[in-house]
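A.B. asks: Whatever this is, show me its structure:
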Amino acid sequence: MNAIKQSVVWWCFYRGDMDAVELIKRSAKIGYDSVEMSPQEYWNVIRDHGMKVAIIGGHGTLTDGLNKRENHDRIEDELQKNIELAVEYEIPSLICFSGNRNGLPDDAGVEITAEGLRRVAKTAEEKGITLCVELLNSKVDHPDYQCDHTVWGVEVCKAVGSPAVKLLYDVYHMQIMEGDLIRTIQDNIEYIGHFHTAGNPGRNDMDETQEIYYPPIMQAIAGTDYSGFVGHEFIPKGDPIEALKTTFDLCKV
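C.D. replies: Next up, the predicted model:
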């Protein structure tokens, strides 16, 4: 089986009086392979400590995204610029967002979102960058967000028809929306380009107070041919570094 490449999601752990460089140093010492979604000023620091920046945002506006044709020019421009940055800093993936439904039927949302992604898919392929459309829950955190079920996201990937367009499968969000996590991951792994984790309910540590048991999920991912990263995106209830240590050990395969 493949080892899980674990990543620190910056915004969750850089908080309070945390020193940015210290967070990077401590993450590397624990054994993390990546610190993702940090400000650009720290990308070289992350790389200097032997880690990658696994993923960054590809375009702005989570709620006003690819499922509107009037956004496609803007998003194409943003993605093209960020693809070049990703190549320069050896960042393998960019996050993309469907946007909210705003009354748009799901089948039409698939078609329009795929149209927008096709505009940049060839460039992404040529540059070796994966565009990851993020799966988010619309029940608790992101009301009306359209890419809120795996099947919808997979339909977008199929409609684009490019190996450079995949999904960011967030275990926390998909537990809220659909459950059946391991089977869904195994059945759709070819369409998954990145993972995020968190405990549910509460989006906190993956401890005994929440309903997702992560070790078998990590074993299931490692049992596939997935070679990407698993980013931990939870709000620690206590010391961030201790939470990172505990999580690293919990998810180590």
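A.B. asks: ok, longest helix in this protein?
C.D. replies: Secondary structure assigned by DSSP state H gives helix 106-127 as the longest helix of the chain.
A.B. asks: Poorly predicted segments of the stretch 101-250 of the chain, please.
C.D. replies: Along the stretch 101-250 of the chain, no part satisfies pLDDT under 70.
A.B. asks: Show me where it has its helices.
C.D. replies: Taking DSSP state H, counting those that start in this stretch, the helices of the stretch 101-250 of the chain run over residues 106-127, 150-160, 171-177, 181-188, 214-222, 240-251.
A.B. asks: Go through the ones you listed and name the closest to Ile30.
C.D. replies: Closest of the helices of the stretch 101-250 of the chain to Ile30 is helix 240-251, at 5.2 Å (criterion: Cβ to Cβ). Where you see a C-beta, it was placed from the backbone N, CA and C, and this is true even at glycine.
A.B. asks: Show me what the closest one is packed up against.
C.D. replies: When contacts are defined as 3 or more Cβ pairs under 8 Å, 6 or more residues apart in numbering; DSSP states H and E, helix 240-251 packs onto strand 5-9, helix 10-13, helix 20-30, helix 214-222, strand 229-232.
A.B. asks: can you rerun that using 10 Å?
C.D. replies: strand 5-9, helix 10-13, helix 20-30, strand 192-197, helix 214-222, strand 229-232 (3 or more Cβ pairs under 10 Å, 6 or more residues apart in numbering; DSSP states H and E).
A.B. asks: Compare the ones you listed and give me the one nearest Pro240.
C.D. replies: Proximity to Pro240, assessed across those by Cβ to Cβ, is greatest for helix 10-13 (4.3 Å).
A.B. asks: Just the CA coordinates for that closest one, please, in CSV.
C.D. replies: Provided in CSV are the C-alpha atoms of helix 10-13 (Å, rounded to 0.1, in the frame of the first residue of the first chain):
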residue,chain,number,x,y,z
TRP,A,10,-2.5,26.7,6.9
TRP,A,11,-5.5,28.7,8.0
CYS,A,12,-6.5,26.1,10.6
PHE,A,13,-3.3,26.1,12.6
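A.B. asks: Counting neighbours, which bits of that helix end up buried?
C.D. replies: By neighbour count on 16 or more other Cβ atoms under 10 Å, the buried set for helix 10-13 is 10, 12-13.
A.B. asks: mind listing what Pro105 touches?
C.D. replies: Shown in contact with Pro105 (Cβ atoms under 10 Å, 6 or more residues apart in numbering): 111, 146.
A.B. asks: Which phi and psi values does it adopt?
C.D. replies: The phi/psi pair for Pro105 (degrees, to the nearest 10) reads phi -60, psi 150.
A.B. asks: Can you report how many residues lie near Pro216?
C.D. replies: For Pro216, the neighbour count with other Cβ atoms under 10 Å is 10.
A.B. asks: mind listing what the closest residue to it other than its chain neighbours touches?
C.D. replies: Excluding its sequence neighbours, the residue lying closest to Pro216 (Cβ to Cβ, 6 or more residues apart in numbering) is Ile182, at 6.6 Å. Contacts for Ile182 were tallied using Cβ under 10 Å, 6+ apart; they are 216-217, 219-221, 223.
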